[in-house]
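Novice: 3D, please:
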Amino acid sequence: MIGHKIIHLDTVDSTNNYTAKLVRTGQIQSGAVILTDEQVAGRGQRGNTWETDAGTNLISSCYIEHDNLSVDHQFRLSQWVSLAICKVLERMHVSAKIKWPNDIYVGDKKIAGILIENSLGSKGVNSSIIGVGLNVNQVEFNVNRATSIKLETGNHNLLDAILYAYINALNEFHVLLHQPEELKKRYLKNLYRNKERHAFLVADTQVLGKILTVQDNGRLVVEFDLGQIQDFDIQEISFVFD
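Specialist: The predicted structure follows:
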């Protein structure tokens, strides 16, 4: 059960780093959640940093051990967590989409990011540290394409309530890890710009195309205007914004 233990910190470099230290010293059990008021060296996808004002947002990591998760299926974790965050936002009357692979967007603005770090063994994925940053009450950002629940709804929210809603959503959707067809169906239904014609940046060249699907291994499949269909890893393609 996720959330059976919650460790609340005042400040930390990164909740994922702190969780990893607990794992190395055997001081954490599967399902434990690390929460912090302030994160001073948060990390995101592609080596990006995650900036947050102290005490305003949900900054957490969850440690999960797996019984039988193939390396080929580890993208299911991104799908699972992304859907859980979208569910939390839906309950807050915020309509969100999943920007491939696992950023959460409201319109063209980012409201949450996910960083999943897996430990691999001979039988597959042994465990995961799932870091999440969800903008809740912050109203000013150093980047243009960012938003928060408060900016979207005008309401101030209790961080504990958001945390428990997130934990409940993780537990609710956990069963989908073993229902890959349903998991993928829901993920694609919530995918940002899915089946829409937009510009992408590929090899420093801007090209027009549309997302067709996401492969089970997480690679993005795009059909370009000239008719060619290609699949990409996260480092190979990026979205172009208007």
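Novice: Tell me if Ile211 really is in a strand.
Specialist: Yes - the assignment for Ile211 is a strand, going by DSSP: H, G, I helix; E, B strand; the rest coil.
Novice: what number of residues lie near it?
Specialist: Taking other Cβ atoms under 10 Å as the criterion, the count of residues near Ile211 is 21. From N, CA and C alone the C-beta is placed, and that goes for glycine too.
Novice: That one: what's it in contact with?
Specialist: Applying Cβ atoms under 8 Å, 6 or more residues apart in numbering to Ile211 gives the contacts 100, 191, 193-196, 220-222.
Novice: in which helix or strand would I find Ala165?
Specialist: For Ala165, the host element (DSSP states H and E) is helix 159-173.
Novice: Now for Asn135, how many residues are close by?
Specialist: 27.
Novice: So what does it look like in phi/psi?
Specialist: phi -70, psi 120 (degrees, to the nearest 10).
Novice: and it, what does it touch?
Specialist: The contact partners of Asn135, taken as Cβ under 8 Å, 6+ apart, are 52, 56-57, 110-112, 141, 146-149, 151.
Novice: how far away is it from Ser95?
Specialist: 15 Å (Cβ to Cβ, to the nearest Å).
Novice: Make a markdown table out of the contacts of Asn135 and add secondary structure and neighbour count.
Specialist: Below are those laid out as a markdown table (DSSP: H, G, I helix; E, B strand; the rest coil; neighbours: other Cβ atoms under 10 Å):
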| residue | secondary structure | neighbour count |
| --- | --- | --- |
| Thr52 | coil | 21 |
| Thr56 | coil | 20 |
| Asn57 | coil | 26 |
| Lys110 | strand | 21 |
| Ile111 | strand | 25 |
| Ala112 | strand | 29 |
| Phe141 | coil | 17 |
| Ala146 | strand | 16 |
| Thr147 | coil | 21 |
| Ser148 | coil | 25 |
| Ile149 | helix | 27 |
| Leu151 | helix | 18 |
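Novice: wait, which of the residues you listed is closest to Ile237?
Specialist: Of all the contacts of Asn135, Ile237 sits closest to Lys110, with 17.5 Å by Cβ to Cβ.
Novice: domains for this structure, by residue range?
Specialist: The chain breaks down by automatic domain parsing into domains covering 6-189, 197-239.
Novice: Mean neighbour count, the ones you listed: which tops it?
Specialist: domain 6-189 (a mean of 18; mean count of other Cβ atoms under 10 Å).
Novice: The residue lying closest to Gln206 once chain neighbours are set aside pairs with what?
Specialist: Among residues not flanking Gln206 along the chain, Ala199 sits closest, at 5.4 Å (Cβ to Cβ, 6 or more residues apart in numbering). Taking DSSP bridges as the rule, Ala199 bridges to Leu208.
Novice: which residues touch Ala199?
Specialist: 206-208, 239-240.
Novice: what about the strands in this protein?
Specialist: Per DSSP state E, the chain carries strands over the ranges 6-12, 33-39, 42-43, 49-50, 58-65, 97-99, 103-106, 109-121, 124-134, 197-202, 205-214, 220-224, 229-232, 238-239.
Novice: of those strands, which approaches Arg76 most closely?
Specialist: Between Arg76 and the strands of the chain, the tightest spacing by Cβ to Cβ is seen for strand 124-134, at 9.6 Å.
Novice: Parallel or antiparallel, which strands does the closest one pair with?
Specialist: Partners of strand 124-134 in the sheet, by DSSP bridges, are strand 58-65 (antiparallel), strand 109-121 (antiparallel).
Novice: Make JSON lines from those strands and add mean pLDDT and distance to Asn16 to it.
Specialist: Shown next, in JSON lines, are those (pLDDT from 0 to 100; distance: least, Cβ to Cβ, whole Å):
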{"stretch": "strand 58-65", "mean pLDDT": "97", "distance to Asn16": "5"}
{"stretch": "strand 109-121", "mean pLDDT": "96", "distance to Asn16": "6"}
